[in-house]
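# Have a look; sequence and predicted model below, questions after that.
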Amino acid sequence: MADLTSSEERLRHQLGLLYTDVNAELRRRGPNGHRNGRRARRLRMPAPVPDVIEKVKAELPLLALQAVGSLSLRLRELTGRDVIDLATMMAIVQFISQQVELANRGAAMQVDDFGFDREWTESLLPIFRWIYRNYWRVDTTGVENVPAIGRALLVSNHAGVLPWDGAMIKTALLEEPADPRHARALIAQFFFGLPYLSWFLRRTGQTVGHPDDSIRLLERDQLVLVFPEGVKGTGKPWRERYRLRRFGRGGFVQVAIQARAPIVPISVVGSEEIYPMLGDVGPVAKLIGFPYFPITPLFPWLGLLGTLPLPSKWRIQFHEPVRTDLMGVEAADDQNQVMTVSDQVRDTIQQGLYENLKLRRSTWL
Amino acid sequence: MEAVYGLDIEDPKVALDRTEFVHADTRHSLLTKLVRGLGVDTVVHCAVLTESRTPSRTVHETNVIGTMNLLAACAGAGSPVRRVVVKSSVAVYGCEPFAPSYARESYAEHSQVREFLANDLREMEQLVSDFQVRNGSTAVTVLRLGRRLGFQVPTPLGEYFLLTRVPSFHGFDPRIQLLHDEDAVEALYRAAAADHPGVYNVAGDGVLLLSQAIQLAGRGRLPVLFPYWRWIARAELRATGFEMPAPLADFLAYGCVVDTGALEREFGWRPPRSTRDTLVEFLGRGAAEPPTSGPQEYELSQYLQRRRRLAAGRR
């Protein structure tokens, strides 16, 4: 250490000499030495950065943690119970430091062909786990119907203005099974034109709702999550909740048959109540290029606060797979068979919705 | 191969070994005479502007009208031409947020992008496919080359990565795909050396996020507001002191990645250098060396004069 400082000192000294020489030379040449007549500026040696600042910067998180710790102790003495949970505090600090670390990866960051950053996505899991367990208190059943290895097409009902249902299905597949898996959701195309959201969706493994994309993912033995209702499902009014819309044109069945993947139908209950959509202002939606502009009890009256989803009680059920993987690729061209399977999947999900609505004792508890 | 003839309006920048150089543009009367007179059996059409800052009118004249003239010269009953290779670009897809993650060749018909380069390339490829229909015995290959950085003279995209502070749009981090110059040349060569009729994407393996690419370039990122309209995007880039052609402004917002499966199946080959390799090599190559130095220039001009006299004598 002493060696280092002495060599640093030496360097600094030499630099100082150099600066003196340059300044002397500049003075000797005088103001006329410059072509454009401007006064030559004197070079000044930069002052060394005070070590204290660096030291404080390094120790600030620790100091803050100590302060919070002593505060929580004082509060416990005063009130007789835990006001600030230290474990939660630690988790938050750990989360932030991990985020900082990941943000500084630079070019070493690894993403797959679709722009999916697995490391970063998994680092966000604590947030989504909290939402999954504590906010919406999701009860998940039938998770054993999702294959532990190999491809599958997950097909779900879609509701709730923003694709929170997709986020919760993805969280369920990371939390519930013995072997956690990342599901890759196909998202409505218009989301990919939006700043920040498009960035977030790509980075967490989502991709554009295009048959080419889903087949490509399935061929790599991934779980692909689709919402055949599309924006017709998310933008439906409150009075039509839990009534499935048209399932596209059966394209998802063709994809599953072509890629030899089984279809796992999913029923999600609870997503309809997070943003009760009372109205839809078509002209505004058209103006900003959205498929709908929702009016909910909170939005747009409360502005950004109105985009907070309501804390309904959720249930997710994974149904038994439909064996589209055993059908033979030529079945994809059989329109009759495709529509039959599409209806079968739709009925399974609708039935599952009714059953889970019965099982859920109340909307909010 | 008996002889190779090179056509350009400018003198070649490197010494050509086995190539007879002809000073010519894409006038129809001239091309017809050349094709029939020399008995050309393979035409490689590279006079297609895809990466430059050329004004849109010139691009249209060169890409559409030039190709039309060339194809007309190659067409007809007595034509000796058996194989035509046309250079195109992945710019034909345009860049849009809704495109599939890997655009296949058929996606060009569905692309919604209305922008001069994409329109011109689409029109040009239409002419090529019309030619193929009318001249069934001629094998026609269209190569949609990936975006290049320009190892000799940097393309606008190459210049972009060499900026001291690289501007990119807030809230967007597109995936990008590049093609090494030499791989582009090899693809053209392979298409010219054997019959591979059809349209093929050519691009390097793998993708990079734009942010990763900027990190690799080792220069600071300059965030600019997200683009809602193309002219705003370009104005923003211009405000940072960089003139970006319209097709590339879209590229920086949404990116464009193509599927090269068809190329691999048909050619049994794919560009050996990945997107990342290409960028790393480009950044590490140092300042671009001028194509010719002093004494060589004299040699080259002598050589060219000789060639031109020869060509004139032949005509």
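Yep, it's here. Numbering: from 1, shown residues only, chains lettered A, B, ... in the order given.
# What is the subsequent helix or strand relative to the helix or strand bottoming out on mean pLDDT in chain A?
Across the helices and strands of chain A, mean confidence by mean pLDDT, DSSP states H and E is lowest for helix A:2-29: a mean of 74. Heading C-terminal from helix A:2-29, the first helix or strand you meet, by DSSP states H and E, is helix A:51-79.
# Quick check: phi and psi at the closest residue in space to B:Phe116 that isn't next to it in sequence.
Leaving aside its sequence neighbours, B:Phe116 sits nearest to B:Ser56 (C-beta to C-beta, 6 or more residues apart in numbering or on different chains; 4.2 Å). The C-beta positions use only the backbone N, C-alpha and C, and glycine is treated the same way. With angles defined as degrees, to the nearest 10, B:Ser56 sits at phi -60, psi -30.
# Hmm, B:Ser56 is touching B:Ala118, no?
No. The criterion here is C-beta atoms under 8 Å, and B:Ser56 misses it with B:Ala118 at 11.4 Å.
# that older thread, please state the offset of the least confident helix or strand of chain A from the chain centre?
52 Å (C-alpha atoms, centre = their mean, to the nearest Å).
# now do stretch A:158-167
Put simply, stretch A:158-167 sits 13 Å off its chain's centre (C-alpha atoms, centre = their mean).
# tell me which residues of it are tucked away?
Across stretch A:158-167, burial judged by 16 or more other C-beta atoms under 10 Å in any protein chain shown covers A:His158, A:Ala159, A:Gly160, A:Val161, A:Leu162, A:Pro163, A:Trp164, A:Asp165, A:Gly166, A:Ala167.
# correct me, but the fourth one touches A:Gly235?
Same thing as A:Val161. Yes. Taking C-beta under 8 Å as the definition, A:Val161 is a contact partner of A:Gly235 at 7.2 Å.
# Please enumerate the shared neighbours of those two.
Counting by C-beta atoms under 8 Å, 6 or more residues apart in numbering or on different chains, the shared contacts of A:Val161 and A:Gly235 are A:Met277, A:Tyr292, A:Pro294.
# Leaving out sequence neighbours, find the closest residue to the second one.
I take that to be A:Tyr292. In space, A:Tyr292 is closest to A:Gly235, 3.8 Å off (C-beta to C-beta, 6+ apart).
# One more: the last one?
Closest residue in space to A:Pro294, ignoring its immediate chain neighbours: A:Met277 at 4.7 Å, by C-beta to C-beta, 6+ apart.
# Compare B:Ser56 and B:Ala118 and say which is more crowded by neighbours.
With neighbours defined as other C-beta atoms under 10 Å in any protein chain shown, B:Ser56 and B:Ala118 compare such that B:Ala118 has more, 24 against 15.
# Are we agreed that the more buried one is in a strand?
No. Read with DSSP: H, G, I helix; E, B strand; the rest coil, B:Ala118 is helix and lies in no strand.
# That one and B:Ala103, how far apart?
From B:Ala118 over to B:Ala103 the distance is 12 Å, taken as C-beta to C-beta, to the nearest Å.
# which residues do these two both contact?
Shared contacts of B:Ala118 and B:Ala103, defined by C-beta under 8 Å, 6+ apart, comprise B:Tyr93.
# buried stuff in the least confident helix or strand of chain A?
Using 16+ other C-beta under 10 Å as the test for burial, helix A:2-29 gives A:Leu26.
# ok, now stretch A:104-112?
So for stretch A:104-112, counting by 16+ other C-beta under 10 Å, buried means A:Ala107, A:Met109, A:Val111.
# just stretch A:339-355 next, same as before
Per 16+ other C-beta under 10 Å, stretch A:339-355 contains these buried residues: A:Val341, A:Ser342, A:Val345, A:Arg346, A:Thr348, A:Ile349, A:Gln350, A:Gly352, A:Leu353.
# Count the neighbours of the closest residue in space to A:Met339 that isn't next to it in sequence for me.
Among residues not flanking A:Met339 along the chain, A:Gly250 sits closest, at 5.3 Å (C-beta to C-beta, 6+ apart). A:Gly250: 20 surrounding residues under other C-beta under 10 Å.
# Show the model's pLDDT score for residue 41.
I went with chain A, as the question did not name one. Per-residue pLDDT puts A:Arg41 at 55.
# My question was about chain B, not that one.
pLDDT, B:Asp41: 90.
# Verify the contact between it and B:Val84 for me.
No. Using C-beta under 8 Å as the test, B:Asp41 is too far from B:Val84 to be in contact (10.2 Å).
# more neighbours, those two?
With neighbours defined as other C-beta under 10 Å, B:Asp41 and B:Val84 compare such that B:Val84 has more, 25 against 14.
# Looking at strand pairing, list the partners for B:Ile176.
Beta bridges link B:Ile176 to B:Leu208 when assigned by DSSP bridges.
# for the helix or strand harbouring B:Phe21, packing partners?
Counting by DSSP H and E, the element that carries B:Phe21 is strand B:19-23. With contacts taken as 3 or more C-beta pairs under 8 Å, 6 or more residues apart in numbering or on different chains; DSSP states H and E, strand B:19-23 sits against strand B:4-8, helix B:294-314.
# Give me every residue in the stretch 101-250 of chain A lying close to chain B.
Residues of the stretch 101-250 of chain A found near chain B (C-beta under 8 Å from any C-beta of the partner chain) are A:106-107, A:109, A:111, A:113-115, A:189-190, A:192-196, A:198-199, A:202-203, A:207-208, A:210, A:212-213, A:216.
# Inside strands: which ones of the residues you listed?
Applying DSSP state E to those, the entries found in strands are A:Thr207, A:Val208.
# Sort out which of the residues of the stretch 101-250 of chain A next to chain B are buried, if you could.
Here, 16+ other C-beta under 10 Å leaves A:107, A:109, A:111, A:113-115, A:189, A:192-195, A:198-199, A:202-203, A:207-208, A:210, A:212-213, A:216 buried among these.
# Restricted to helices, list those.
Using DSSP state H, the subset of those located in helices is A:Ser198, A:Trp199, A:Arg202, A:Arg203, A:Asp212, A:Asp213, A:Arg216.
# Just want the residue of chain B that's nearest chain A.
Here chain B gets closest to chain A at one residue, B:Gly171, 2.8 Å apart by C-beta to the nearest C-beta.
# Quick check: which ranges of the chain have low pLDDT?
No chain specified, so I'll use chain A. Along chain A, segments meeting pLDDT under 70 span A:1-5, A:30-50, A:83-84.
# that's the wrong chain, I meant chain B
B:1, B:227-228, B:286-315.
# near chain A, which residues of the stretch 1-150 of chain B show up?
B:Pro97, B:Phe98, B:Ala99, B:Pro100, B:Ser101, B:Tyr102, B:Arg104, B:Tyr107.
# Quick check: the last one vs A:Val56, distance?
Looking back up the chat, that one is B:Tyr107. To A:Val56, B:Tyr107 is 56 Å away according to C-beta to C-beta.
# For those two, indicate the residue with more neighbours.
B:Tyr107 (18 against 11).
# Excluding chain neighbours, what is closest to that one?
Nearest to B:Tyr107 is B:Tyr93, by C-beta to C-beta, 6+ apart, at 6.1 Å.
# ditto for B:Gln132
Closest to B:Gln132 by C-beta to C-beta, 6+ apart is B:Val140, at 4.4 Å.
# what bridges to the one you found?
As for beta bridges, B:Val140 partners with B:Val84 under DSSP bridges.
# Pull the contacting residues for it.
B:Arg83, B:Val84, B:Val85, B:Val86, B:Val128, B:Ser129, B:Phe131, B:Gln132, B:Pro197.
# Can you lay out the buried residues of stretch A:339-355 as TSV showing secondary structure and distance to chain B?
TSV is the format used below for those (DSSP: H, G, I helix; E, B strand; the rest coil; distance: C-beta to the nearest C-beta, whole Å):
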residue	secondary structure	distance to chain B
A:Val341	helix	24
A:Ser342	helix	22
A:Val345	helix	23
A:Arg346	helix	25
A:Thr348	helix	29
A:Ile349	helix	26
A:Gln350	helix	30
A:Gly352	helix	31
A:Leu353	helix	30
